[in-house]
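Undergrad: Sequence plus the predicted model coming up.
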Amino acid sequence: MTLLVVDEVDAVCPRRDAASVAQLETINSFLSVLDGPMAHASVLLLATTNRVDAIDDAMRRPGRFDTELELEVPNLETRPSGLRSTIVEIPKKRWSDIAGYAETKLQIQQAVEWPLKYKALFAKYKLNCRRGILLYGPPGNSKTSMAKAVAGESYMNFLGVNSSEVFSMWVGESERKIRSLFAKARTFAPSIIFFDEIDAIGGSRGSNSAKCSSGVELRVLSQLLSEMDGIDSSESVVVMAATNRPSDLDAALLRPGRFDALIYVGLPDRAERAALCKASRDLQVLAPFAGCECTAARSGCTCSPARRGLRG
């Protein structure tokens with residue numbers, strides 16, 4: 001018996017709708033070998049891939065690759081070192097890296113950290129876990145940093161997505177990206193999917209934008225809603241998103257079971273601005289008295305401008 005291993009078989013036999021002429025010839029030749037000499041030889045064929053949806057459907061028919069085994073990433077209980085070695089990383093950011101926002105941090109902890117930390121209690125008392133958390137408020141107020149911090153504190157893998165980059169010029173590619181993202185999140189659970197500027201893909205279906213009229217945004221939004229509805233409470237996958245324009249989001253995204261936890265990240269108050277100044281690494285090159293009181297006095301100033309102000 002001979003064992004033949006084909007690594008990254010998706011590169012050899014990709015889906016025909018995305019294959020070049022040369023790749024189509026390779027696919028046909030490979031299938032001919034499988035159905036011909038390989039079918040009667042004492043050879044066991046083993047193939048590997050991390051993109052099973054990218055393989056041509058003809059490869060997965062009976063008599064070819066008809067047995068599939070999914071190797072999931074080990075979780076914290078089974079093999080912590082294996083989890084830390086994966087491509088998807090656990091952020092190094094912590095709550096202590098973000099000055100102020102005590103109430104906002106607590107709300108995020110209750111929605112994300114507690115269900116994972118007190119899993120047995122949530123199961124015992126049949127408490128509902130939030131599957132979707134929306135952070136909204138003015139730009140530059142550390143919404144993305146907070147999402148990374150809660151992932152780091154909870155030892156959850158973080159999959160960050162800039163929503164505007166989801167769209168593709170190829171038909172069906174945008175929806176495939178959404179499916180692949182959620183599939184990866186399930187594989188690397190416990191994990192957080194974070195959509196920055198989610199209004200770019202989750203805009204109201206009443207909008208008259210060019211993307212809506214072409215149907216691209218509608219298909220992507222439908223795929224996102226479908227994936228969020230498919231998240232099971234036992235999968236330890238949390239979807240977080242940030243936006244500066246919550247009123248532009250489609251109402252379906254804010255229904256129970258989707259983004260049903262809305263957390264406002266507002267402008268820092270005077271005490272928080274002072275704490276931001278003191279926590280900033282830029283203060284290492286400043287005099288002890290410089291900047292803190294001055295920046296704290298700037299009413300209506302977000303975190304990002306405050307940091308830039310410290311740099312001069």
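TA: Here it is on my side, so go on. Residues are numbered from 1 along each chain as shown.
Undergrad: residue ranges with poor pLDDT in the protein?
TA: Residues of the chain that meet the criterion pLDDT under 70 lie in 37-41, 73-88, 206-214, 233-234, 278-312.
Undergrad: any idea which residue sits dead centre in it?
TA: Among the residues of the chain, the one closest to the centroid is residue 193, at 2.5 Å (C-alpha atoms, centre = their mean).
Undergrad: ok, the helix or strand hosting it: who's next to it in the sheet?
TA: Per DSSP states H and E: residue 193 is located in strand 191-196. Strand pairing for strand 191-196, using DSSP bridges, gives strand 157-162 (parallel), strand 237-243 (parallel).
Undergrad: chain center to that strand: distance?
TA: Distance of strand 191-196 from its chain centroid, counting by C-alpha atoms, centre = their mean, to the nearest Å, is 3 Å.
Undergrad: Contacts made by it with the rest, please.
TA: Outside of strand 191-196, the residues within contact range by C-beta atoms under 8 Å, 6 or more residues apart in numbering are 88, 112, 144, 147-148, 150-151, 156-163, 181-182, 185, 201-202, 236-242. Placement of C-beta: from N, CA and C, glycine included.
Undergrad: Export the strands paired with strand 191-196 as TSV, with columns for distance to residue 128 and mean neighbour count.
TA: Below are these laid out as TSV (distance: least, C-beta to C-beta, whole Å; neighbours: other C-beta atoms under 10 Å):
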stretch	distance to residue 128	mean neighbour count
strand 157-162	23	19
strand 237-243	13	26
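Undergrad: on that earlier part again, using neighbour counts, pick out the buried residues of the strand holding residue 193.
TA: Within strand 191-196, the residues scored as buried using 16 or more other C-beta atoms under 10 Å are 191-196.
Undergrad: check which helix or strand covers the closest residue to residue 109 other than its chain neighbours.
TA: Spatial nearest neighbour of residue 109, excluding adjacent residues (C-beta to C-beta, 6 or more residues apart in numbering): residue 150 at 6.8 Å. Element membership for residue 150, per DSSP H and E: helix 143-154.
Undergrad: need the strands for the chain, in chain order.
TA: Secondary structure of the chain (DSSP state E): strands located at 2-6, 43-47, 132-136, 157-162, 191-196, 237-243, 261-264.
Undergrad: where along this protein do the helices fall?
TA: Counting by DSSP state H, the chain has these helices, from start to end: 9-12, 21-35, 37-40, 80-84, 102-108, 114-117, 119-124, 143-154, 173-187, 210-214, 216-229, 270-279, 292-296, 303-310.
Undergrad: roughly how far is the first one from the heart of the chain?
TA: Helix 9-12 has its C-alpha centroid displaced from the chain centroid by 25 Å (C-alpha atoms, centre = their mean).
Undergrad: got the CA positions of it in PDB?
TA: The C-alpha trace of helix 9-12 is given here as PDB (Å, rounded to 0.1, in the frame of the first residue of the first chain):
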ATOM      1  CA  VAL A   9      -5.100  20.500  -3.200                       C
ATOM      2  CA  ASP A  10      -7.100  23.700  -3.800                       C
ATOM      3  CA  ALA A  11      -4.200  25.000  -5.700                       C
ATOM      4  CA  VAL A  12      -4.200  22.000  -8.000                       C
END
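Undergrad: Now tell me what touches that helix from outside.
TA: 6, 26-27, 30, 47-49, 51-52, 54-55, 59, 65.
Undergrad: Of those, which is the nearest to residue 131?
TA: residue 52 (24.6 Å; C-beta to C-beta).
Undergrad: Which residue, other than its chain neighbours, is closest to the closest one?
TA: Residue nearest to residue 52 in three dimensions, not counting chain neighbours: residue 68, with 7.4 Å by C-beta to C-beta, 6+ apart.
Undergrad: what do you get for residue 51?
TA: Nearest one to residue 51, counting by C-beta to C-beta, 6+ apart, is residue 10 at 4.9 Å.
Undergrad: Please apply the same query to residue 116.
TA: residue 154 (5.5 Å).
Undergrad: The one you found: how many residues sit nearby?
TA: Number of residues near residue 154 (other C-beta atoms under 10 Å) recorded here: 22.
Undergrad: related to what we said a few turns ago, compile the strands of the chain into a markdown table and extend it with columns for distance to residue 168.
TA: Listed next are those as a markdown table, based on distance: least, C-beta to C-beta, whole Å:
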| stretch | distance to residue 168 |
| --- | --- |
| strand 2-6 | 28 |
| strand 43-47 | 27 |
| strand 132-136 | 24 |
| strand 157-162 | 13 |
| strand 191-196 | 16 |
| strand 237-243 | 20 |
| strand 261-264 | 29 |
